[in-house]
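K.L.:
Build me a model:
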Amino acid sequence: MAHPTQLGFQDAASPLMEELLHFHDHALMIVFLISTLVLYIIVAMVTAKLSDKLILDSQEIEIIWTLLPAMILVLIALPSLRILYLMDETNDPHLTLKALGRQWYWSYEYSDYGDLGFDAYMLPTQDTTFGQYRLLETDHRVVLPMESPIRVLTCAEDVLHSWAVPAFGVKMDAVPGRLNQTAFITSRPGVFYGQCSEICGANHTFMPVVVESVPLDYFELWILSMIQDA
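P.N.:
Alright, predicted model coming up:
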């Protein structure tokens, strides 16, 4: 989860988020180099080092400031398109999770296991225990097996919602009457927090997402216990 005064992204918990972090650093370095070059040109012009009209109006300069931005766009576009393709890839998922946005909580269904499902409400502050986070904990956590391809189908019952878990690099809108999908693989065990990222009404900030990534053996035991309790 995010921490007070934190700079940067949360630690990656999926290969997709690792790719996004690499692309962020790549793009940020390009922005830094462009800013440095522009700042140098401004300072040089102010100090009269580049005031020669023959230099500023030359054909060589015209070629440079036409080709250089095109090359920069290619350097940004190619890795960006690659990540977009990876985010849209949902081949052969091991598990499908349905996330239905409601005002203002999430309903989940594990359709691979019959009618298994539950509602996840934000845990009131007075009910939280030591180690749980205020306004981020839910009464039921989504449990998923780690290192397994997971497909998430999102929809909404009333207004626009958005199912988002930053550590996974996942953010998918839940639209009434439309079924959207996204996919990810959790790379390590742990508890990961997210929230609805669409302004969906008065209690928009009170519908968190809590995902617990566990080894496959623990996930199977959890499924069996949920089926027995149903």
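
K.L.:
for residue 15, what are its contacts?
P.N.:
The contact partners of residue 15, taken as CB atoms under 8 Å, 6 or more residues apart in numbering, are 185, 187. C-beta coordinates here come from the backbone N, C-alpha and C atoms, glycine included.

K.L.:
do residue 97 as well
P.N.:
Taking CB under 8 Å, 6+ apart, one finds 108-110, 142, 144, 150-153 in contact with residue 97.

K.L.:
cutoff 6 Å now
P.N.:
By CB atoms under 6 Å, 6 or more residues apart in numbering, the contact set of residue 97 is residue 152.

K.L.:
Phi first, then psi, for it.
P.N.:
The phi/psi pair for residue 97 (degrees, to the nearest 10) reads phi -110, psi 130.

K.L.:
bridging residues for it?
P.N.:
Taking DSSP bridges as the rule, residue 97 bridges to residue 152.

K.L.:
Also the one 4 residues further on?
P.N.:
Applying DSSP bridges to residue 101 yields these beta-bridge partners: residue 106, residue 156.

K.L.:
Am I right that it is in contact with residue 175?
P.N.:
No: look at residue 101 against residue 175 with CB atoms under 6 Å: they stay out of range, at 9.0 Å.

K.L.:
Would you mind listing the residues touching both of these two?
P.N.:
residue 156.

K.L.:
More neighbours: which of these two?
P.N.:
Applying other CB atoms under 10 Å to residue 101 and residue 175 shows that residue 101 carries more neighbours, namely 26 against 17.

K.L.:
Against residue 181, how distant is the more buried one?
P.N.:
14 Å (CB to CB, to the nearest Å).

K.L.:
what's the burial count for residue 2?
P.N.:
12.

K.L.:
same question, the one 10 residues further on
P.N.:
Here the count is done by other CB under 10 Å, and residue 12 has 19 residues near it.

K.L.:
doesn't it fall inside a strand?
P.N.:
No: assessed by DSSP: H, G, I helix; E, B strand; the rest coil, residue 12 does not belong to a strand; its assignment is coil.
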